[in-house]
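Requesting a structural model of the entry that follows:
(chains A, B, C and D)
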2 protein chains.
Amino acid sequence: MKKYTIKDIAELAGVSKGTVDRVIHKRGKVSQKALDKVTKILGEIDYQPNPIARNLKNNKVYQIFVVLPDPKEDNFWAPCVEGVNQAVEEFRSFLVDIRLFFYKPTSTASFKEVNKKVLELEPDAVLLSPLFHKESISAVNNYRSAGIVVSTFNSQIVLEEAINYVGLDLYQSGRVAAKLMHTIVPDTHDIVICHFDETLNNAIHMQQKEKGFRDYFSELDGADYTILTLSVDQTNPDLSLVNFLKSQDKAFGFFVTTSKSYNLVEMLQGQRQKNIKVIGYDLLDENIDLLKKDMISFLIHQSPRTQTYLGLTYLIEHFLFNKEMPNKKLLPIGIVNSENLITYL
Amino acid sequence: MKKYTIKDIAELAGVSKGTVDRVIHKRGKVSQKALDKVTKILGEIDYQPNPIARNLKNNKVYQIFVVLPDPKEDNFWAPCVEGVNQAVEEFRSFLVDIRLFFYKPTSTASFKEVNKKVLELEPDAVLLSPLFHKESISAVNNYRSAGIVVSTFNSQIVLEEAINYVGLDLYQSGRVAAKLMHTIVPDTHDIVICHFDETLNNAIHMQQKEKGFRDYFSELDGADYTILTLSVDQTNPDLSLVNFLKSQDKAFGFFVTTSKSYNLVEMLQGQRQKNIKVIGYDLLDENIDLLKKDMISFLIHQSPRTQTYLGLTYLIEHFLFNKEMPNKKLLPIGIVNSENLITYL
DNA sequence: CCAAAAAATGTGCTCGAACACACAAAAAAA
DNA sequence: TTTTTTTGTGTGTTCGAGCACATTTTTTGG
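Numbering: from 1, shown residues only, chains lettered A, B, ... in the order given. Take a look at the predicted model:
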């Protein structure tokens, strides 16, 4: 349990702490004889440099910038800001400077602009929500060539070199929804996958979720579900399919791939159909309300707050304490009903 | 964003750092004039002592001992040990010494003995699983009068002074199970609450869960469920009620309040009754197996691994970085089905 | 009024790692 | 052999907080 210091090693090897330091950091200027002596000791004991002392001398304020959509434009991002604030609070007395940068979730131009600005400010690390796939890859590459550490959250992007990611396995979350649907809805119901979004930003998101959902049912045997896909552009809602559904007296199960379940429920609420089950994503106030009223059966929790909080924590502890960062942290896919809801808030 | 040091304050107030130190730590021996000057500056700026520098001088190896049931006796505790190991790994290079102490979950004598041993070793903190209520209170009091910090996990005990706790709200977890049962089982089914345990250690546990479960249904209107309670002593299983259930051709929903769902399924599997739904606790291998086979509908995850990991993290960061410990950390009540299972492992 | 006691204040060292710099020893050039 | 250069080694300082101890200032009592 003894913790060795550089001084201890120096004494054991019969050299000075400067020499030990040079050996450890491979700074050269060490004779073969001295190198052998120190290497021998290092092999015998388990030397762990004291990360606290190391950082003390460093005495550098690490700048970590968080880039994400403006929660005023889409409330889904509000908990992410809370997660950031929690990290700020928790590391207030440490030498870190965390700043928030918002972009418009509907504008790739805004995304580019904000990333350009952040790049010019030369932070030590960026925690990024890579909403736009192509632009994100280019942004990440820019950061990297400037020697800036990049972590991502909420949606995964694929790059040659691994990139840190904190978030859900979206494909699997689709499967989770499917399993829940299968549990609460018999195959006499038709199942509708709903894509709700202002634009097609979330295209990859939604595709991954749909794929998981459909895969689950196609792997099923002994059950015959009909599964439809419905895309709704919120700004100009094409109600034809919805109207069709309303006209039917059939029972339905809806899987909403975005946080906009409440929109679907709104659209359907004129017609009081009893045999409708809705499964969606995210604990927005509007969704919570409907979950409590049993008009939504389950919500899948993407833990937005935890995503930014954890992402930041990993970065901070990496810089301050030389801790290793997991390069992929997949969060538990939370199934939320009206009763475990409060434990997630 | 500027981080002030004692030296900064000393210069601003026109005194020496020694005087500032005496003011901050209220060590006295300071004139009214100097005190006023320093207090004024302290009021103007936001001084946060650098926790890293503080701890450097301290240079103390903190001993934190974990007391929990032997996982060899009850496999439920194995993930707790993993959580401990994760914390050990993560803080390897810090000045902490974490040790495990096991007691027999069936023996209060063993519990007492282990706690006595730990008390004599005088650690700085103890993370305790307070399985036996009365004995736990006495153990906690002993630790406290010896100036040892105590945190608890997995089950809550009530004391005059608040005690740190990391774990589930068990009452609420009962309600979650009830909501799930209500979602998947119509009121033509009878519902059976099953208490499985070797001894009655878990009495409080199970009572809290049962209360939550029953409360949910009694608050329900427009549905008429019949709810029975079945206690099974595993060492000498009284099968009378089980036999009764088998003889019936009715459909049932079972809520198992312990991790022993697999025992129930075992007992019932002779009679292939289709209309049986089981909801239980904990991701034991046996339960996981049945969850995948759809013979258990949902498992409630108590996050044993996270409980010890978080409990330790709080203690370590409290000692090393003067971070505040939340005195009650209620973890999310995880609803697990066959698809989100892997995200919890 | 002055010495002694008491109170107030400042200085200096420690913790461990990191690195600059000074110095010493060996090797190369004169 | 002497003077440079090169290479190797050790010493000393820094970071910020905390506390022991030395020093200065003020107060008290004879």
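
Ramachandran coordinates for residue A:279?
Per-residue torsions, residue A:279: phi -130, psi 130 (degrees, to the nearest 10).

Next one: it from residue A:204, what distance?
20 Å (CB to CB, to the nearest Å). Any C-beta I mention is one placed from the backbone N, CA and C, and that applies to glycine too.

do you know how far residue A:154 is from residue A:306?
Taken as CB to CB, the span from residue A:154 to residue A:306 is 11 Å.

ok, now residue A:285?
From residue A:285 to residue A:306 the distance is 19 Å (CB to CB).

Of these two, give the one with the bigger neighbour count.
residue A:306 (24 against 10; other CB atoms under 10 Å in any protein chain shown).

element containing that one?
Here residue A:306 sits within helix A:304-321, counting by DSSP states H and E.

Check which helices and strands that helix sits against.
Secondary-structure packing of helix A:304-321 (3 or more CB pairs under 8 Å, 6 or more residues apart in numbering or on different chains; DSSP states H and E): helix A:51-58, strand A:62-69, helix A:78-90, strand A:96-103, strand A:125-128, strand A:149-153, strand A:164-167.

so the helix or strand that the last one is followed by versus helix B:170-184, what angle?
Spelled out, that is strand A:164-167. With elements assigned by DSSP H and E, the helix or strand that comes after strand A:164-167 is helix A:170-184. Going by axes from the mean of the first three to the mean of the last three CA atoms, to 10 degrees, helix A:170-184 is angled at 70 degrees with respect to helix B:170-184.

Mind checking if the helix or strand following helix A:170-184 is in reach of chain B?
The C-terminal neighbour of helix A:170-184 among helices and strands, as given by DSSP H and E, is strand A:190-197. No: on the criterion CB under 8 Å from any CB of the partner chain, strand A:190-197 is out of touch with chain B, staying 15.6 Å away.

Equivalent analysis for stretch A:58-67, please.
Yes: judged by CB under 8 Å from any CB, stretch A:58-67 comes into contact with chain B at residue A:61.

List the buried residues for that stretch?
A:62, A:63, A:64, A:65, A:66, A:67 (16 or more other CB atoms under 10 Å in any protein chain shown).

again, but for stretch A:20-34
So for stretch A:20-34, counting by 16+ other CB under 10 Å, buried means A:20, A:22, A:23, A:30, A:34.

ok, of those, which one's closest to residue B:311?
Residue B:311 lies nearest to residue A:20 out of these, by CB to CB, at 37.0 Å.

in which helix or strand would I find the closest one?
Residue A:20 belongs to helix A:17-24, assigned by DSSP H and E.

So for that helix, mean pLDDT?
Helix A:17-24 carries an average pLDDT of 94.

packing partners for that helix?
helix A:6-13, helix A:32-44.

can you put the ones you listed in a markdown table and add mean pLDDT and distance to DNA strand D?
Shown next, in a markdown table, are the helices and strands packed on helix A:17-24 (pLDDT from 0 to 100; distance: least, CB to the nearest atom of the strand, whole Å):
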| stretch | mean pLDDT | distance to DNA strand D |
| --- | --- | --- |
| helix A:6-13 | 93 | 7 |
| helix A:32-44 | 93 | 4 |
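
Looking at the buried residues of stretch A:58-67, which is nearest DNA strand C?
residue A:62 (15.1 Å; CB to the nearest atom of the strand).

how far away is that closest one from DNA strand D?
14 Å (CB to the nearest atom of the strand, to the nearest Å).

in the sheet, who's paired with that residue?
residue A:96 (DSSP bridges).

Now do the same contact list for it.
A:95, A:96, A:97, A:124, A:125, A:316, A:319, A:320 (CB atoms under 8 Å, 6 or more residues apart in numbering or on different chains).

And residue A:178, by the same measure?
A:212, A:213, A:214, A:215, A:216, A:217, A:255, B:339.

let's see 10 Å
A:191, A:193, A:209, A:212-220, A:225, A:227, A:253, A:255, A:279, B:339 (CB atoms under 10 Å, 6 or more residues apart in numbering or on different chains).

SS state for the nearest residue to it once chain neighbours are set aside?
Leaving out its chain neighbours, the residue that sits closest to residue A:178 by CB to CB, 6 or more residues apart in numbering or on different chains is residue A:216, at 3.4 Å. Assigned with DSSP: H, G, I helix; E, B strand; the rest coil, residue A:216 falls in the helix class.

how much space between residue A:216 and DNA strand D?
55 Å.

Can you give me the neighbour number for that residue?
Burial of residue A:216 is recorded as 22 neighbouring residues (other CB under 10 Å).

Looks like it contacts residue A:179 (just checking).
Yes: counting by CB atoms under 10 Å, residue A:179 is a contact partner of residue A:216 at 6.2 Å.

Now the common contact residues for these two.
B:338, B:339.

in the one helix or strand residue A:262 maps to, what's buried?
According to DSSP H and E, residue A:262 maps onto helix A:261-268. Of all the residues in helix A:261-268, those buried under the rule 16+ other CB under 10 Å are A:261, A:262, A:263, A:264, A:265, A:267, A:268.

For it, C-alpha coordinates in CSV please.
Below are the C-alpha coordinates for helix A:261-268, written out as CSV (Å, rounded to 0.1, in the frame of the first residue of the first chain):
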residue,chain,number,x,y,z
SER,A,261,-44.6,12.4,-28.8
TYR,A,262,-46.8,15.1,-27.4
ASN,A,263,-47.4,16.4,-30.9
LEU,A,264,-48.7,13.1,-32.0
VAL,A,265,-51.0,12.8,-29.0
GLU,A,266,-52.3,16.3,-29.7
MET,A,267,-53.0,15.4,-33.3
LEU,A,268,-54.9,12.3,-32.3
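
list the residues that contact both of residue A:154 and residue A:306?
A:80, A:166, A:167.

what's the distance between the last one and DNA strand C?
Spelled out, it's residue A:167. 32 Å.

In this structure residue A:261 contacts residue A:232, no?
No: Residue A:261 is not in contact with residue A:232 according to CB under 10 Å; the separation is 11.7 Å.

Find the residues that touch each one of these two.
A:194, A:196.

Who has more neighbours out of residue A:279 and residue A:204?
It is residue A:279, of residue A:279 and residue A:204, that has more neighbours when counted by other CB under 10 Å, with 24 against 17.

mind listing what's buried in stretch A:86-98?
Quick answer for stretch A:86-98 (16+ other CB under 10 Å): A:86, A:87, A:88, A:90, A:91, A:93, A:94, A:95, A:96, A:97, A:98.

farthest pair in the residues you listed?
A:86 and A:95 (18.3 Å).

Please write out the alpha-carbon positions of stretch A:27-44 in PDB.
The C-alpha trace of stretch A:27-44 is given here as PDB (Å, rounded to 0.1, in the frame of the first residue of the first chain):
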ATOM      1  CA  ARG A  27      14.300  13.200 -21.700                       C
ATOM      2  CA  GLY A  28      17.600  11.500 -22.400                       C
ATOM      3  CA  LYS A  29      20.900  12.800 -21.100                       C
ATOM      4  CA  VAL A  30      21.200   9.800 -18.800                       C
ATOM      5  CA  SER A  31      24.200   7.300 -18.800                       C
ATOM      6  CA  GLN A  32      23.500   3.600 -19.500                       C
ATOM      7  CA  LYS A  33      24.600   2.800 -16.000                       C
ATOM      8  CA  ALA A  34      22.100   5.200 -14.300                       C
ATOM      9  CA  LEU A  35      19.400   4.200 -16.700                       C
ATOM     10  CA  ASP A  36      19.800   0.600 -15.800                       C
ATOM     11  CA  LYS A  37      19.700   1.300 -12.100                       C
ATOM     12  CA  VAL A  38      16.600   3.300 -12.200                       C
ATOM     13  CA  THR A  39      14.800   1.000 -14.700                       C
ATOM     14  CA  LYS A  40      15.500  -1.900 -12.300                       C
ATOM     15  CA  ILE A  41      13.900  -0.100  -9.400                       C
ATOM     16  CA  LEU A  42      10.900   1.000 -11.500                       C
ATOM     17  CA  GLY A  43      10.400  -2.600 -12.500                       C
ATOM     18  CA  GLU A  44      10.400  -3.800  -8.900                       C
END
